[in-house]
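K.L.:
Need a 3D model of the following:
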Amino acid sequence: MKKLSFILATLCVLFVSCNNDENNDNHQEEDHQKLEKMYQEIVTLSQVNTQTCTDSKDWDFTAIGAKACGGPEQFIIYSKKINTAEFLAKVKTYTDAKAAFNVKWNISSTCDVPIPPDGIGCVDGKPVILKNTAF
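P.N.:
This is a model prediction of the structure:
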């Protein structure tokens, strides 16, 4: 009888454990979708006026995202003609949320950090990131 009770208890613990893993996967996916929605909003804001790049001084870039190993995931171009304070606040909120997500879900990533761009240029009326290729 003790063996049967032990087996039943073990099965119950195993079932609850598996069920919690499934719930965690669902919560992680929900968190990921929230991050993706934030990111898409930022991308949409950054693309305002992208068809009218005639002067690179009207554009800037900022780091966005957080790698689990530290540092930004990438750099994003934005027009200085938008509300830059609001835009940069959204980028910071997203970056902080991404860092918290990485910690909460024990996310790992490569430790290579993107090199900051040398500046912004206008090519065919669109802003592009300029990188120094002489290494």
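K.L.:
what residues are up against the residue most central in space within the chain?
P.N.:
Residue closest to the average C-alpha location in the chain (C-alpha atoms, centre = their mean): Gly65, at 4.1 Å. Residues near Gly65 by C-beta atoms under 8 Å, 6 or more residues apart in numbering: Tyr39, Pro72, Glu73, Gln74, Tyr94, Thr95, Lys98. In short, each C-beta sits where N, CA and C put it, glycine included.
K.L.:
where does this structure have low pLDDT?
P.N.:
Counting by pLDDT under 70, the chain has low-confidence residues at 1-22, 50, 133-135.
K.L.:
how about the helices in it?
P.N.:
Assigned helices in the chain, in chain order: 2-46, 84-104 (criterion: DSSP state H).
K.L.:
Which of the contacts of Gly65 sits closest to Val113?
P.N.:
Pro72 (7.0 Å; C-beta to C-beta).
K.L.:
For the closest one, the count of nearby residues, please.
P.N.:
18 (other C-beta atoms under 10 Å).
K.L.:
From Thr44, how far off is it?
P.N.:
Distance, Pro72 to Thr44, using C-beta to C-beta, to the nearest Å: 20 Å.
K.L.:
just Trp59 next, same as before
P.N.:
16 Å.
K.L.:
quick one: which of the two has more around it?
P.N.:
Trp59 (23 against 9).
K.L.:
Quickly list what that one is bridged to.
P.N.:
Ser79 (DSSP bridges).
K.L.:
Go ahead and confirm it touches Phe75.
P.N.:
No. Using C-beta atoms under 8 Å, Trp59 is not in contact with Phe75; the gap is 11.9 Å.
K.L.:
and Gln47, what does it touch?
P.N.:
No residues are in contact with Gln47 under the rule C-beta under 8 Å, 6+ apart.
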